[in-house]
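Peer 1: make a model of this:
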Amino acid sequence: MENMLSKIYNPTDLRKLPENQLPQLAKELRDFIIDIVSKKEGHLGASLGVVELTIALHYVFNTPEDLLVWDVGHQAYGHKILTERRAIFHTNRVLNGISGFPKRSESVYDTFGVGHSSTSISAALGMALASQLKGEINKQHIAVIGDASIASGMAFEGLNHAGVTDANLLVILNDNAIGIDPSIGALKNYLTAVKEGKNPKQNNIIKSLNFDYSGPIDGHDLPKLISELERLKLVKGPKFLHVITTKGKGLQLAEEDQVKYHAPGKFDAETGKIHPKDESHLPPKYQDVFGHTLVELAKGNEKIIGITPAMPTGSSMKYMMDAYPKRAFDVGIAEQHAVTLAAGMVTQGMVVFCNIYSTFLQRAYDQVIHDVALQNLPVIFCLDRAGLVGEDGATHHGVFDIAYLNCIPNLIIAAPKDEIELRNIMFTASEGINQPIAIRYPRGRGEIVNWQQPFEKIEIGIAKKLRKGTKIAILSTGTIGTNVTKALASIENEALFSHYHFPFIKPLDEVAINDIIESHEVLITIEDGVIKGGFGAQINSIIASKNYTISILNLGIPDIFIEHGTVFDQQHFCKIDVQSLIHLFNTFSDD
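Peer 2: So this is what the prediction gives:
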């Protein structure tokens, strides 16, 4: 049979097809996604689950004039392929290629930049109200949101506002009972009851919010989807369509293990089997160091609690949930709630490890200030994915945490240089400190295979001298110090360089800094966070406040958003990779 997908450049071509050919197109689109992602990696299951919905949306609505917003964007691969990016889809998430998420600067069909969840309803409502004000009364505005994302507070805020407007807004709930991990909570139980016909029709949450509710309907039934979307086009005011889909649809193993196949890495496109990797000899992932250490600490202290907002697998909180299910909580995509829940528990004497990706703690900034730091509650924040994160790109980098946390009173900021120090800082915090602490560590593997050493208490606020040189002092914080160590081992003039590691960015070891300044001619600071407001900026302020005359160079993330690529690509761009450091260090001499 002739390949239809190869002839579709954009939705205008799609709309020329007779409706009875769309199921064949759906198969081809699904096969195309599987083929590319099996080789290039990326987010698989979510996009496979919405193939029919994606086709139906672009078939019925006049995109890009009608505005389509995808929540988070994990599920938008089919959308990208049908909107003028099929020929370059193989560059997805690659340096200088297309983004893994919808991005306004990439395409007119990407109406809103996404990457964090639960923003679609607010954004689409804003578009709809703006269209009203401009007199564009026939323009359609559609938000596609998952059952995990709709449980977030921001999504409810959008629904609450939309229900008292007459905006031309259609919210489509893509209900597959899973986000990255299985969805949880009372709303998930409600949606399950609706799907199973066990919920009385008069007991409808969405109708109570003044939406025209329809569904649930089969999200893989193209004729039914198209018919219902055509009907909803003519309905005025806020509308809500409940669609039931299967994440990973069309690839049996992806349907059977939806967590693993969210982003499975490379796999066999025919069978779905993930290509095996021998990881037995490798150092651990920092996430696993956190997870196993938490369980180890919890075994000896029944007051230890774990909290994560919808990332039990990614953060390795799953280990705690398996070992102590009553003392570990997945609160869903609700970072604000996670932080204040932790604060509430701490007031009752619990020792709470609140594990949140650095990029997602941004969504709970007020709670960190108002509910934790202002009350000086010793919540232990474990900031996973701190620093550059690679292929997910600008929406997911954890490069702002040092700068945005540094200005908060009472808060300790720790950045271990390796797995052993991460364990020891966690241990120190669990033993009892009288103020909150944020421990930041990167995505991916460390360097130490034999990392499960006996715990040692760490003195807070003390820097460590790793090597002594004669002229130039390098001040690093966190795991980026490994790049410094490797670079110094590869230069001929290494005797010039001292290297100091700062496990604590706040409080800073000012005694050590004063000694370093007085015994060196040049300072170089390096961090895997933004330079503005970061670790190096704090050193600069000490120099300025004490009128020191010393040359200083700050290395880190420049004042731009760093695009997707490998972590190596991104470090090289920022000139903090090993080779860039070697080149820099070689420019210094004894003169």
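
Peer 1: now do the strands in the stretch 251-400 of the chain.
Peer 2: With DSSP state E, counting those that start in this stretch as the criterion, the stretch 251-400 of the chain has strands at 304-308, 328-330, 351-357, 380-384.

Peer 1: report all helices and strands that the longest one contacts.
Peer 2: Right, strand 351-357. Where contact means 3 or more C-beta pairs under 8 Å, 6 or more residues apart in numbering; DSSP states H and E, strand 351-357 is packed against strand 304-308, helix 335-347, strand 380-384, helix 419-430. Quick note: C-beta positions are derived from backbone N, CA and C, even for glycine.

Peer 1: does Ser214 touch Leu229 like I think?
Peer 2: No. If you go by C-beta atoms under 8 Å, Ser214 and Leu229 don't touch, sitting 10.2 Å apart.

Peer 1: got a list of what the spatially most central residue of the chain touches?
Peer 2: Geometric centre of the chain, nearest residue: His396, 4.4 Å, by C-alpha atoms, centre = their mean. Contacts were defined as C-beta atoms under 8 Å, 6 or more residues apart in numbering; by that measure His396 touches Gly115, Tyr357, Thr359, Arg385, Val389.

Peer 1: any chance of those in TSV, plus neighbour count?
Peer 2: As requested, the contacts of His396 are exported to TSV (neighbours: other C-beta atoms under 10 Å):
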residue	neighbour count
Gly115	19
Tyr357	26
Thr359	23
Arg385	27
Val389	25
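
Peer 1: which two among these are spaced furthest apart?
Peer 2: Comparing every pair within the contacts of His396 by C-beta to C-beta identifies Gly115 and Arg385 as the most remote, at 12.5 Å.

Peer 1: just give me the neighbour total for Met317.
Peer 2: When neighbours are counted by other C-beta atoms under 10 Å, Met317 registers 29.

Peer 1: which one's more surrounded, Ser214 and Leu229?
Peer 2: Between Ser214 and Leu229, counted using other C-beta under 10 Å, the more crowded position is Leu229 (20 against 16).

Peer 1: how far away is that one from Val289?
Peer 2: Look at Leu229 and Val289: by C-beta to C-beta, to the nearest Å, they are 48 Å apart.

Peer 1: and what of Val578?
Peer 2: From Val578 over to Val289 the distance is 22 Å, taken as C-beta to C-beta.

Peer 1: tell me which other helices or strands the helix ranked longest in the chain touches.
Peer 2: Using DSSP state H, we find that the single longest helix of the chain is helix 22-40. Counting contacts by 3+ C-beta pairs under 8 Å, 6+ apart, helix 22-40 is packed against helix 45-49, helix 51-60, helix 77-80, helix 222-233.

Peer 1: now that helix: average pLDDT?
Peer 2: Averaging pLDDT along helix 22-40 gives 93.

Peer 1: that helix vs helix 51-60, what angle?
Peer 2: Relative orientation of helix 22-40 versus helix 51-60 (axes from the mean of the first three to the mean of the last three C-alpha atoms, to 10 degrees): 120 degrees.

Peer 1: tell me the pLDDT of Glu2.
Peer 2: Looking at Glu2, its pLDDT reads 63.

Peer 1: could you do the one 10 residues further on as well?
Peer 2: Looking at Thr12, its pLDDT stands at 97.

Peer 1: try Ala495
Peer 2: For Ala495, pLDDT reads 94.

Peer 1: do the one 10 residues further on as well
Peer 2: Here, the pLDDT recorded for Ile505 equals 98.

Peer 1: wasn't it part of a strand?
Peer 2: Yes. Counting by DSSP: H, G, I helix; E, B strand; the rest coil, Ile505 falls inside a strand.

Peer 1: show me where pLDDT drops low in this structure?
Peer 2: Segments of the chain classed as low confidence (criterion: pLDDT under 70) are 1-2, 178-181, 201, 591.

Peer 1: about what we covered before: could you export the helices and strands packed on helix 22-40 as a markdown table, including distance to Val144?
Peer 2: Output for the helices and strands packed on helix 22-40, formatted as a markdown table (distance: least, C-beta to C-beta, whole Å):
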| stretch | distance to Val144 |
| --- | --- |
| helix 45-49 | 11 |
| helix 51-60 | 7 |
| helix 77-80 | 9 |
| helix 222-233 | 12 |
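
Peer 1: nearest to Ala128, of those?
Peer 2: Short answer: helix 222-233, nearest of the helices and strands packed on helix 22-40 by C-beta to C-beta, at 13.8 Å.

Peer 1: what's the closest non-adjacent residue to Pro23?
Peer 2: Using C-beta to C-beta, 6 or more residues apart in numbering and skipping the chain neighbours, the partner closest in space to Pro23 is Leu222 (5.8 Å).

Peer 1: and if you look at Phe381?
Peer 2: With sequence-adjacent residues excluded and distances taken as C-beta to C-beta, 6+ apart, Phe381 is closest to Ala438, at 4.2 Å.

Peer 1: what packs against the host helix or strand of that neighbour?
Peer 2: Assigned by DSSP states H and E, Ala438 belongs to strand 437-440. In terms of contacts (3+ C-beta pairs under 8 Å, 6+ apart), strand 437-440 is packed against strand 380-384, helix 401-406, strand 412-414, helix 419-430.

Peer 1: show the subsequent helix or strand relative to it.
Peer 2: As assigned by DSSP H and E, the chain's next helix or strand after strand 437-440 is strand 464-467.

Peer 1: show me what contacts Leu388?
Peer 2: For Leu388, the contact set (C-beta under 8 Å, 6+ apart) comprises His397, Val399, Asp528, Ile557, Ile562, Val567, Gln570, Gln571, Cys574.

Peer 1: out of these, who has the most neighbours?
Peer 2: Comparing the contacts of Leu388 by number of neighbours (other C-beta under 10 Å), Asp528 comes first, having 31 neighbours.

Peer 1: looks like it contacts Ile562 (just checking).
Peer 2: No. Between Asp528 and Ile562 there is no contact under C-beta under 8 Å: 10.7 Å.

Peer 1: overlap in contacts, these two.
Peer 2: Common neighbours of Asp528 and Ile562, using C-beta under 8 Å, 6+ apart, are Leu388, Val399.
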